[in-house]
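Q: coordinates for the following, if possible.
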Amino acid sequence: MEILLIPALLYFIPTLVALLRGHHNAFAIFLTNLLFGWTVIGWLITLIWSTTAIIHRVQVQN
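A: Sure, this is the predicted structure:
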């Protein structure tokens, strides 16, 4: 069982980074990682995407 856990964690590193950073597109990153992460370019794209800027909502006070 542990043999499969480590590769799965490595495979989903972009998703974990996005979730830990609170990325606003975390679900889209997860789906892209799930579907295209098996290709090296897909994995790299999701990793870069997960480290991009996060949109923070600004609350305007009256």
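Q: using the three-state scheme, assign A53.
A: When classified by DSSP: H, G, I helix; E, B strand; the rest coil, A53 comes out as coil.
Q: same deal with the one 3 residues further on?
A: Secondary structure of H56, reduced to three states by three-state DSSP: coil.
Q: let's see the helix or strand bottoming out on mean pLDDT in the chain as PDB, backbone CA atoms only.
A: The helix or strand of the chain with the poorest confidence is helix 2-11; it has a mean of 91 (mean pLDDT, DSSP states H and E). The C-alpha trace of helix 2-11 is given here as PDB (Å, rounded to 0.1, in the frame of the first residue of the first chain):
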ATOM      1  CA  GLU A   2       2.800   2.400   0.900                       C
ATOM      2  CA  ILE A   3       4.300   1.700  -2.500                       C
ATOM      3  CA  LEU A   4       1.400   3.400  -4.200                       C
ATOM      4  CA  LEU A   5       1.100   6.300  -1.800                       C
ATOM      5  CA  ILE A   6       4.400   8.000  -2.500                       C
ATOM      6  CA  PRO A   7       4.000   8.100  -6.300                       C
ATOM      7  CA  ALA A   8       0.400   9.300  -5.800                       C
ATOM      8  CA  LEU A   9       1.700  12.100  -3.600                       C
ATOM      9  CA  LEU A  10       4.400  13.000  -6.100                       C
ATOM     10  CA  TYR A  11       1.800  13.000  -8.900                       C
END
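Q: so where does the residue nearest the centre of the chain fall, helix or strand?
A: Residue closest to the average C-alpha location in the chain (C-alpha atoms, centre = their mean): T15, at 2.7 Å. Per DSSP states H and E: T15 is located in helix 13-21.
Q: shaky segments in the protein?
A: Counting by pLDDT under 70, the chain shows low-confidence ranges at 1.
Q: returning to what we had before: can you list the residues that contact the least confident helix or strand of the chain?
A: The contact list for helix 2-11, computed with C-beta atoms under 8 Å, 6 or more residues apart in numbering, reads L16, N33, G37, W38, W43. Glycine gets a C-beta too; all of them are placed from N, C-alpha and C.
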